[in-house]
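the amino acid sequence is not available; the structure is as follows:
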């Protein structure tokens, strides 16, 4: 009996140690910028003239619309268009253009919501500017309005990507008469790194958006719309609620936002089939005062403070919120709950089928009309 007890105790101890190690790895992954993108798309065949590509069937590969596709470890990029045909295990899509790289030799890639690679492709005059932020000058793109005015939009990209994510929104804001400032923030690969080199999931990055707000005001802005994509939504919400210049913020636009990190991280852990104990351990490490010894963070994230369902009453500006039921990465539940809590200020535009931050790609007219109509009402 003693031998059996010792064996059981050893097994339990080993299980606890394994869970702790896994929790530490997941916690580090959440807060550490990932410089290498996962190429999870199999390229089965490419037409000899590169006019079409056959992809292994997946949820992302089969969704209608137009997308970017990085391939061969980011050495190539192509724009994909309509679904031409599909079978049980494959999808054939039109290739609108190969921007660079040899698509004919590619075997792996990844789909992206990015469609424009450079600001010049948008068709709107642009200039590069620098925003004085806490860690140094953060590069940004400024798209001036056609006519001088005091209406500005500040665009904030999501986790693990760069400013190009925001370029899809520039034409609609330009037509509405807005100056658009597309910003970078700490640890995104463009702006200077923070001392710890870790994401704050919005709890630290909002300071860089605050710097952008100050830049806009110094250059004539009196009415500012903040637009955030994915984690950029969490950053924008923090800025809107904590900015010293909140009076200049006229409204907020959110695309596939993280409104509450805890259900988002639990959802993603479930998709990875992680045990509950590992998930709970990772969340605890991100928030624990001593967790930085393991994750590398200089301070706890404070996940409860990033929950804008709970903090809904703190919001006071009109908010356009667009989210897909089929997002697949950030569940829309918190977005819907925020809309239900604050129907007085939130305009919720639900999508279906579209994947995470790919609402424009899937249904550009609906996405564009939603922003156009909302901006018109904002200006009334």
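Perfect, thanks for sending it. Just so it is clear, the structure is predicted and the values come from calculations on it, not from any experiment.

residue 230: what's it in contact with?
Each residue near residue 230 by C-beta atoms under 8 Å, 6 or more residues apart in numbering is listed here: 157, 158, 159, 255, 256, 257, 258, 329, 330, 356, 357. Backbone N, C-alpha and C define where each C-beta goes, glycine included.

for it, which non-adjacent residue is closest in space?
Sequence neighbours aside, residue 158 is the residue nearest to residue 230 in space, at 3.0 Å (criterion: C-beta to C-beta, 6 or more residues apart in numbering).

thought that neighbour was touching residue 234?
No - between residue 158 and residue 234 there is no contact under C-beta atoms under 8 Å: 9.0 Å.

still on that earlier bit, which SS state does the residue nearest to residue 230 fall under?
Three-state call for residue 158 (DSSP: H, G, I helix; E, B strand; the rest coil): coil.

now the helices for the chain?
2-31, 170-175, 206-218, 231-242, 261-271, 276-287, 292-295, 333-341, 359-362, 364-378 (DSSP state H).

in the protein, what secondary structure element scores lowest on mean pLDDT?
In the chain, the helix or strand scored least confidently by mean pLDDT, DSSP states H and E is helix 2-31, which has a mean of 63.

state the pLDDT value of the closest residue to residue 201 other than its chain neighbours.
Counting by C-beta to C-beta, 6+ apart, residue 201 lies nearest to residue 301, which is 5.3 Å off, once chain neighbours are set aside. Residue 301 carries a pLDDT score of 94 in this model.

mind starting the numbering at 14 from now?
Will do, 14 is the new start, and the previous item becomes residue 314.

distance of residue 314 from residue 304?
Between residue 314 and residue 304 the distance is 9 Å, computed by C-beta to C-beta, to the nearest Å.

between those two, who's got more neighbours?
Under the neighbour definition other C-beta atoms under 10 Å, residue 314 and residue 304 were set side by side, and residue 314 has more, 26 against 22.

who touches that one in this structure?
Contact partners of residue 314, counting by C-beta under 8 Å, 6+ apart, are 44, 213, 214, 216, 274, 299, 300.

show me the shaky parts of the stretch 64-213 of the chain.
Applying pLDDT under 70 to the stretch 64-213 of the chain flags no residue at all.

now the strands for it?
Assigned by DSSP state E, counting those that start in this stretch, the stretch 64-213 of the chain shows strands spanning 65-69, 80-84, 89-99, 103-113, 121-125, 140-146, 149-156, 164-169, 192-196.

got those strands as a markdown table, with distance to residue 385 columns?
Converted to a markdown table, these look like this (distance: least, C-beta to C-beta, whole Å):
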| stretch | distance to residue 385 |
| --- | --- |
| strand 65-69 | 33 |
| strand 80-84 | 23 |
| strand 89-99 | 24 |
| strand 103-113 | 25 |
| strand 121-125 | 25 |
| strand 140-146 | 25 |
| strand 149-156 | 17 |
| strand 164-169 | 13 |
| strand 192-196 | 14 |
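
let's have these in CSV, adding mean neighbour count and distance to residue 184.
Shown next, in CSV, are the strands of the stretch 64-213 of the chain (neighbours: other C-beta atoms under 10 Å; distance: least, C-beta to C-beta, whole Å):
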stretch, mean neighbour count, distance to residue 184
strand 65-69, 20, 27
strand 80-84, 23, 17
strand 89-99, 17, 16
strand 103-113, 16, 18
strand 121-125, 20, 19
strand 140-146, 15, 17
strand 149-156, 20, 9
strand 164-169, 27, 12
strand 192-196, 27, 10
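
what's the closest of these to residue 318?
Closest to residue 318 of the strands of the stretch 64-213 of the chain, according to C-beta to C-beta: strand 164-169, at 18.1 Å.

just the buried positions in stretch 267-283, please.
By neighbour count on 16 or more other C-beta atoms under 10 Å, the buried set for stretch 267-283 is 267-274, 276-279, 281-282.

oh, that last question was meant for stretch 367-387, not what I typed.
Within stretch 367-387, the residues that qualify as buried are 367-377, 380-381, 383-384, 387, counting by 16+ other C-beta under 10 Å.

residues contacting it, please?
With contact meaning C-beta under 8 Å, 6+ apart, stretch 367-387 is reached by 72-73, 76-80, 126, 128, 171, 178, 181-182, 184-186, 188-189, 242-243, 264, 266, 268-269, 331, 333, 335, 337, 339-343, 360, 362, 364, 366.

with stretch 341-348 instead?
By C-beta under 8 Å, 6+ apart, the residues outside stretch 341-348 that reach it are 72-73, 243, 267, 269-273, 276-277, 280-281, 320-322, 334, 336-338, 361, 363, 368-369.

buried ones in it?
341, 342, 343, 344, 345, 346, 347, 348.

is it true that residue 162 touches residue 189?
No - between residue 162 and residue 189 there is no contact under C-beta under 8 Å: 10.6 Å.
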